[in-house]
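Engineer: Below are the sequence and a predicted model; questions follow.
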Amino acid sequence: MKLLITLFIVTVLSGCSTPKPEQKETAASASSLTLDESLEIGEQTEPDTLKGSLRAKAMGKIGITNFTIRYHSPAVRGRIVWGGLVPFDRVWVTGAHMATSLEIDQDVTIANTPVPAGKYGLFTIPGKDNWTIIINRNWEQHLVDEYDEKDDVLRLTIKPEQENTNQERLRYVIESESDKEGEIVMYWERLEVSLLVTVMK
């Protein structure tokens, strides 16, 4: 009798500890999603269940010029972002982990400054009222460990716009307004930062 009871308990415990197939699938999907470099962040007002800063990219065209931005997208998760998670008046990679990169395949003009085709680091210095936008030659670095102002191609001061809705994960968008003009836009929390771009062709 004791043997039968023992076997019954072992069987029940074994059944409880076995994950359901759908649980395995969900975990695998979340894991692969966080490593997907081609992930494009969309409009998102509510927190998600994915942990960490997701590797992402934004792609778009203005005229015949192709733009690609690669970055790590952190989430708000109820935290104070500006002046908290992201300090004021310090150079920021405008993302997480590695420097955010901007790649363009044609010469362009950004805020009346010529920027040759190539790959660059996209940095910012957030302020309480105004931001400094920086395009730097050194795009391959961890955070701002190797940032050097002498490698700046462009520095521009702009005033961000306040949004009515929350953007949970940091998001970049390439917006084409005509065959010649468009914007590189960053959305996060309730802030929008836009960079005017004019293409040559």
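Structural biologist: On my side now, so go ahead. Source: prediction; values computed, not measured. Residues are numbered from 1 along each chain as shown.
Engineer: So for stretch 88-96, mean pLDDT?
Structural biologist: For stretch 88-96, the mean per-residue pLDDT is 97.
Engineer: which outside residues touch that stretch?
Structural biologist: Under the criterion C-beta atoms under 8 Å, 6 or more residues apart in numbering, residues 53, 71-74, 82, 86, 99-100, 121-128, 134, 143-144, 147, 170, 186 lie in contact with stretch 88-96. Using the backbone N, CA and C atoms, a C-beta is placed for each residue, glycine as well.
Engineer: now do stretch 154-165
Structural biologist: 45, 110-111, 113, 115, 129-135, 187, 190-195.
Engineer: mind listing what's buried in that stretch?
Structural biologist: Residues of stretch 154-165 classed as buried by neighbour count (16 or more other C-beta atoms under 10 Å): 154, 156, 160.
Engineer: what sits against the residue most central in space within the chain?
Structural biologist: Of all residues in the chain, the one closest to the mean position by C-alpha atoms, centre = their mean is residue 73, 3.2 Å from it. Residues counted as contacts of residue 73 (C-beta under 8 Å, 6+ apart) are 39, 41, 53-56, 95-96, 169-171.
Engineer: where's the dip in pLDDT among those?
Structural biologist: Among those, residue 39 carries the lowest pLDDT, at 88.
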